[in-house]
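Chemist: here is the input, now give the coordinates:
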Amino acid sequence: MAELETRRLGRTEMRPKALGMGCASLSRHTDQESVEAVRCAIELGINYIDTSPAYGDSERKLGLALEGGWRDKIYLETKAGSHSQRRGYTAEDIRWSVNNSFKMLKTDYLDAVLIHDPGDIEIPLAPGNGLDELLKMKDEGIIGFVGLGVRSHSFHKRAIETGNIDIILTYLDYTLLDQSAGETTIPLAKKHDVGIILASVLSINKLTGDEPKNDLEAHKMWEWCNKRGIGIRDLAIQFCLGVPMDGIVMPGPGTKKHVEEVYQSATADIPKEIWQDFKAEFGVGL
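Modeler: Residues are numbered from 1 along each chain as shown. The predicted structure is shown next:
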């Protein structure tokens, strides 16, 4: 079994392991299950963990997991602007959100904060609004780096070209089923030395290994893998790990078992012949 390699996250010069952990799923599990999942990930060497106030009580549960010295072992990232109680991208909204995250996560420093899912990218980027406030917090030394987490590639482009965005989190658009970010956001980020996080790499459970019911292409891939005794999850995660980028891959396991499964997939040995045959069949591969 291979080891997780260390990656450079763009100009941040943070050096996380190639596999990160997204925490959206923690909201669907108990406090104990969440703590066990996060600490299992850290024990396996996963050291970049992402959450958001939009993910139910994920921040609170992650805060519990990081008590007792666990916070010091990781890079910690959350998002701002999408809190259910105060969604907005003005300076005041963003400052309130980050301060609330400090309380939930039981920390006084965040390695990165991402502007999260704005409906109009111009609002957080407007002078004196959310991005400027995050840059102030960066200058104050309470956050390390500033980023954007949203699906729109045009929003990625606009944000990157401000010169003030250190990290882009893109989701669903670099997977075995869709590689569109490879034509747009990933090369642009590389050009500007912006770190990339590939999220939702299992296509919202279509590529976990459970039989996908409502996606014909995913089902064909699942059947192909099953006939050969290969896990589709292994291919899905390693395909994304194989992208030439300054960045990391971030599935969203919610339990210790799920953490162990994605780690196994990331480090499994996959023969070159499998990739060759898979690419010949589906046009996608390493």
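Chemist: so who does Asn99 touch?
Modeler: Applying Cβ atoms under 8 Å, 6 or more residues apart in numbering to Asn99 gives no contacts. For every residue, glycine as well, the C-beta is placed using N, CA and C.
Chemist: chain center to the helix or strand containing it: distance?
Modeler: Per DSSP states H and E, Asn99 falls inside helix 91-105. On the basis of Cα atoms, centre = their mean, to the nearest Å, helix 91-105 sits 20 Å off its chain's mean C-alpha point.
Chemist: need the next SSE after it, C-terminal direction.
Modeler: As assigned by DSSP H and E, the chain's next helix or strand after helix 91-105 is strand 110-116.
Chemist: could you export that following strand as CSV, CA atoms only?
Modeler: What follows is strand 110-116, C-alpha atoms only, in CSV (Å, rounded to 0.1, in the frame of the first residue of the first chain):
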residue,chain,number,x,y,z
LEU,A,110,-7.8,29.5,11.0
ASP,A,111,-5.4,28.4,8.3
ALA,A,112,-7.8,29.4,5.5
VAL,A,113,-11.2,30.9,5.1
LEU,A,114,-13.1,30.6,1.8
ILE,A,115,-15.9,32.8,0.6
HIS,A,116,-18.7,30.2,0.2
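Chemist: partners of that strand in the sheet?
Modeler: Sheet pairing of strand 110-116 (DSSP bridges) gives strand 75-80 (parallel), strand 143-149 (parallel).
Chemist: give me the angle between that strand and helix 91-105.
Modeler: 130 degrees (axes from the mean of the first three to the mean of the last three Cα atoms, to 10 degrees).
Chemist: who's in contact with strand 110-116?
Modeler: Under the contact criterion Cβ under 8 Å, 6+ apart, strand 110-116 has outside partners 12, 14, 52, 54, 75-82, 89, 94, 98, 101-102, 124, 130-131, 134, 137, 142-150, 159, 166-167, 169.
Chemist: kindly report the same for stretch 216-232.
Modeler: Outside stretch 216-232, the residues that reach it (Cβ under 8 Å, 6+ apart) are 176-177, 203, 206-209, 211-213, 235, 265, 268, 270, 274, 277-278, 281-282.
Chemist: how far does that stretch sit from the chain's center?
Modeler: That offset, for stretch 216-232, works out to 25 Å (Cα atoms, centre = their mean).
Chemist: swap in stretch 274-286?
Modeler: Remark: stretch 274-286 is offset 25 Å from the chain centroid, using Cα atoms, centre = their mean.
Chemist: which parts of that stretch are buried?
Modeler: Within stretch 274-286, the residues scored as buried using 16 or more other Cβ atoms under 10 Å are 274-275, 278, 284-285.
Chemist: cool, stretch 245-260 as well?
Modeler: Residues of stretch 245-260 classed as buried: 245-256, 258-259 (neighbour count, 16+ other Cβ under 10 Å).
Chemist: which elements pack onto the host helix or strand of Ser265?
Modeler: Ser265 is located in helix 256-267, with elements delineated by DSSP H and E. Counting contacts by 3 or more Cβ pairs under 8 Å, 6 or more residues apart in numbering; DSSP states H and E, helix 256-267 is packed against helix 31-43, helix 232-241.
Chemist: where do the helices of the stretch 51-200 of the chain begin and end?
Modeler: 58-65, 91-105, 122-125, 130-140, 153-160, 185-191 (DSSP state H, counting those that start in this stretch).
Chemist: from the contact counts, what lies against the last one?
Modeler: If I follow you right, that is helix 185-191. The contact analysis (3+ Cβ pairs under 8 Å, 6+ apart) places helix 185-191 against helix 153-160, strand 167-171, strand 195-199.
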